[in-house]
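>>> dropping a prediction and its sequence here:
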Amino acid sequence: MTTRQILLALALAILFAAIGYNSGRFWAYLIYAVAIAGIGALSLNLLIGFCGQITFAQGALIGVGAYSAAIAGNAGWGGFSLLVAGVVTALVSLLIGLPALRLRGLYFAISTLAAQFILVYFFKILQPLTNGVSGLVVKPLTLFGRPVANDQEYVVICIAILFLSWLFLARITRTDMGRAFLVVRESELVARGMGIDVSRAKAQAFLLSGFFAGICGALFAFTSRLANPEAFEIALSVDQTAMIIVGGLGSLTGSIVGAAFVTLLPEAIERLGEFLPVAGLVSAFREMAFGLLIILFLLLEPRGLVAFVRRLAARWSGKAKAPAKRAPAKTSNRAVTAQDGR
């Protein structure tokens with residue numbers, strides 16, 4: 001990651017934060033919704049795309065972060081509730097990841113699916129903490145002794161946290177820890193042969209992934225002002241998985257691009273239905289959209305949108321830099337005659 005890339009990402013973050021801060025509630029909502037989804041996608045891509053640990057419990061982990069932040073925020077912890085959500089979710093993620101020390105592949109994925117349903121069940125039955133199926137009302141986020149007043153201010157906070165999360169994880173993936181993740185993803189046997197502690201690498205991946213999933217859940221709770229079990233069902237895990245597949249597995253930038261694509265797609269379909277005489281089919285198509293997206297990207301572009309854009313850019317720059325073909329030099333009639341007579 002070069003200084004130029006960091007400055008470009010910072011400029012884009014400032015641009016979108018400025019647009020969201022100076023726009024209406026609807027556009028502010030769309031921008032911070034993409035930012036929050038992007039943080040969740042970053043955490044999931046670290047675990048699946050970089051470390052190769054397939055999980056279906058992402059939605060429930062985001063829910064752990066949401067409830068942790070709601071409880072801490074309602075107790076008056078202010079901005080520290082974000083850290084509380086991250087730490088609590090990291091510990092729960094590590095607990096879910098313990099079977100990965102003995103199980104692999106499909107068997108471990110099924111164990112995370114079980115954890116997804118168990119955690120959502122806990123959200124419903126722990127009435128004193130979560131308020132059950134009715135959901136827990138969340139007080140506004142308080143920073144520096146002042147509550148966040150409106151959606152526009154949440155845009156700035158969410159964009160800032162998204163940028164810092166991307167920057168931190170990009171640094172991590174270029175350390176020995178990040179390189180160990182990649183080796184574990186390719187082959188645990190090779191990783192052990194290289195002297196890598198596979199169990200430690202997996203635990204670190206689950207801790208880091210869980211921490212940022214908790215931050216995602218905390219921001220979700222504060223912006224929606226409600227932590228409800230229905231919001232963290234398996235559908236949220238599917239959405240997050242779609243984001244990293246569409247954006248690109250193993251690409252942090254692709255996680256954000258995929259989050260934007262998947263988050264804004266339902267809105268685009270909704271607006272399309274308003275202009276076309278197919279309003280009755282729009283809701284059905286929205287349900288099929290994510291499944292179709294995953295299938296199409298797996299078949300046509302397995303490396304995601306970012307790889308597709310990079311390939312187009314490389315092809316375009318290659319054409320732009322290609323030297324112009326020189327016209328063949330003219331030869332005199334005498335030279336042609338001499339060549340024909342050889």
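Yep, it's here. Everything numeric here is computed off the predicted structure, so don't read it as measured data. Numbers count the residues shown, from 1 in each chain.

>>> isn't Leu182 up against Phe50?
Yes. Under the criterion of C-beta atoms under 8 Å, Leu182 makes contact with Phe50 at 6.2 Å. All C-beta spots, glycine's among them, are computed from the backbone N, C-alpha and C.

>>> sketch out the low-pLDDT regions of this protein for me.
Counting by pLDDT under 70, the ranges of the chain that qualify are 1, 273-287, 289-290, 318-342.

>>> ok, for Gln240, nearest residue in space, not its chain neighbours?
Leaving aside its sequence neighbours, Gln240 sits nearest to Gln58 (C-beta to C-beta, 6 or more residues apart in numbering; 4.6 Å).

>>> packing partners for the helix or strand hosting Val84?
Using DSSP states H and E, Val84 sits in helix 80-97. Packing partners of helix 80-97 (3 or more C-beta pairs under 8 Å, 6 or more residues apart in numbering; DSSP states H and E): helix 58-74, helix 105-125, helix 198-224.

>>> the same query, at a cut-off of 6 Å, please.
helix 58-74, helix 198-224 (3 or more C-beta pairs under 6 Å, 6 or more residues apart in numbering; DSSP states H and E).

>>> quick one: contacts of it?
57, 61, 64-65, 68-69, 72-73, 115, 206-207, 210-211, 213-215, 218 (C-beta atoms under 6 Å, 6 or more residues apart in numbering).

>>> check the offset of that helix from the chain's centre.
Mean-position distance between helix 80-97 and its chain equals 17 Å (C-alpha atoms, centre = their mean, to the nearest Å).

>>> specify the angle between that helix and helix 58-74 in degrees.
150 degrees (axes from the mean of the first three to the mean of the last three C-alpha atoms, to 10 degrees).

>>> okay, buried residues for helix 80-97 please.
Buried residues in helix 80-97, counted by 16 or more other C-beta atoms under 10 Å: 81-94, 96-97.

>>> and the two most separated of these?
In the buried residues of helix 80-97, two members sit farther apart than any others by C-beta to C-beta. They are Ser81 and Gly97, at 24.1 Å.

>>> which non-adjacent residue is nearest Leu129?
Closest residue in space to Leu129, ignoring its immediate chain neighbours: Ile71 at 6.4 Å, by C-beta to C-beta, 6+ apart.

>>> separation between the one you found and Pro128?
Applying C-beta to C-beta, to the nearest Å, the value for Ile71 to Pro128 is 10 Å.

>>> with Phe211 instead?
In terms of C-beta to C-beta, Phe211 sits 26 Å off from Pro128.

>>> the two - which one has more neighbours?
Remark: of Phe211 and Pro128, Phe211 carries more neighbours, 24 against 6, as counted by other C-beta atoms under 10 Å.

>>> now Ala260, nearest residue through space, not along the chain?
That would be Val34: by C-beta to C-beta, 6+ apart, it lies 4.8 Å from Ala260.

>>> list the contacts of that neighbour.
259-260, 263.

>>> among the residues you listed, which one lies nearest to Ala313?
Nearest to Ala313 among these, counting by C-beta to C-beta, is Ala260 at 18.3 Å.

>>> near the closest one, how many other residues are there?
So Ala260, with other C-beta under 10 Å, has 22 neighbours.

>>> same question for Tyr154.
Tyr154 - counted by other C-beta under 10 Å - has 25 other residues nearby.
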